[in-house]
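**Q** Pasting the sequence and the predicted model now:
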Amino acid sequence: MSAGIELDDVCCDFGSFRAVDHVNVSIQPGEFFSFLGPSGCGKTTILRMISGFTDPSAGMIRIGGKDMKGQRPNQRPTALIFQNLALFPLMPIWENIAFGLEVRGVAKAERRAKAEELLRLVDLPDAADKMVSQLSGGQKQRVAIARALAVEPSVMLLDEPLSALDLKLRQHMRAELRAIQKRTGVTFIYITHDQGEALAMSDRVGVMSQGRLQQVANPRDIYNNPTNGFVASFVGENNIFTGTVGSEAAGFARFETPHGAFRARANVQGGRDLKLYVRPEHTLISAVPGLENSLPVTVTDVAFEGNFISVHAVSQSGATLLAELRNDGSVAIPAPGDALHMSFAAENASILPDGLVRGE
């Protein structure tokens, strides 16, 4: 059975340094939840507190409704997959998987049967008697998952388990992990600095910076409706304009910048530290001005990226801007030196507070 996890005003201090600062989040049973953020933001510390390897300095952690205070790691219904996997090289694969069962005194025949069942679950049915050195990186990842599942945890904790894999294998393993989570129904808590992993696999994502949760939402809302400039900038690319808010009406506002006045989505108070953010894929390039939010630019570079083409440009006031065009033949590809116009729709641009959610 899966279990929910609640972090209630959790803090963690290392001396005078606060690694996790008043984090509140409720993770549902059977949910795939990712903590996303840069190195040093506190996400791994949260994982270690949930697993019991680190104690919170303040606040409460509950798993399945039960307070975990004083509960050692082996007393919690969790299993942790480390970044380096920590497989035993001198044991065959089935013994690696069944190691936790052996520690619990389960008979050898039962351990072997359970290991083979889990190998079928992770699509490695013929690997039981192989050694770790005979497996590829992706196969080792699956063995680590099977070993964690062997002790029937309610919560699976994964600390950047795909970071050592190449791009193609990481993309493949994203799908594998998500499929395994759906088949087992176990609650997965995933730690990553890779936005692609978090957005592709998760039911919800918690974006962190400087020990604080900046936003918790489903992947689509994290990307399309960030709550502040940090989330907008960390999750995907953006063209960013500095300025001040003018008139507001019906959820939109006029934004005055050195490049001109633009209209964009806004739910903010005037006078705050604000910036306008628009994604490169929502930025259009044309020979004539757009209907709204248009500015003249000179193309400086064009980069072919496969499924899309990156167009780098500079505005008359010196701002560096980026547009992404789909490689589908629907638009003409500009060349460096072309004098064109960049434009964007108001509904695709957001005026956001530039600052982070800060601690108390």
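**A** Structure received. Model, not experiment: these values are computed from the prediction.

**Q** And the strand or helix carrying Q141, how far out from the chain middle?
**A** Applying DSSP states H and E as the criterion places Q141 in helix 137-150. Helix 137-150 sits 21 Å away from the centroid of its parent chain (CA atoms, centre = their mean, to the nearest Å).

**Q** other SSEs contacting it?
**A** strand 78-81, helix 93-103, helix 108-121, strand 155-159, helix 167-184 (3 or more CB pairs under 8 Å, 6 or more residues apart in numbering; DSSP states H and E). The way it works is simple: take the backbone N, C-alpha and C, and place the C-beta from them, glycine included.

**Q** out of these, which comes closest to L36?
**A** For L36, the closest of the helices and strands packed on helix 137-150 is strand 155-159, at 12.8 Å, according to CB to CB.

**Q** Mind putting the helices and strands packed on helix 137-150 into CSV with distance to F14, mean neighbour count and mean pLDDT?
**A** What follows is these, written out as CSV (distance: least, CB to CB, whole Å; neighbours: other CB atoms under 10 Å; pLDDT from 0 to 100):
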stretch, distance to F14, mean neighbour count, mean pLDDT
strand 78-81, 20, 23, 90
helix 93-103, 30, 21, 91
helix 108-121, 37, 16, 92
strand 155-159, 18, 23, 93
helix 167-184, 30, 16, 85
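
**Q** Compare the ones you listed and give me the one nearest M208.
**A** strand 155-159 (14.0 Å).

**Q** hmm, back to that, report the angle between the helix holding Q141 and helix 93-103.
**A** 20 degrees (axes from the mean of the first three to the mean of the last three CA atoms, to 10 degrees).

**Q** Which residues does helix 137-150 contact?
**A** 79-81, 85-87, 93, 96-101, 114-115, 118-119, 121-124, 127, 132, 135, 156, 161-162, 164-166, 169, 172-173, 176-177, 180, 184, 186 (CB atoms under 8 Å, 6 or more residues apart in numbering).

**Q** Is A164 in contact with M173, as I believe?
**A** No: the pair A164 / M173 is not scored as a contact, 10.9 Å apart, by CB atoms under 8 Å.

**Q** if we can go back for a sec, now the helix holding Q141: buried residues?
**A** 138-150 (16 or more other CB atoms under 10 Å).
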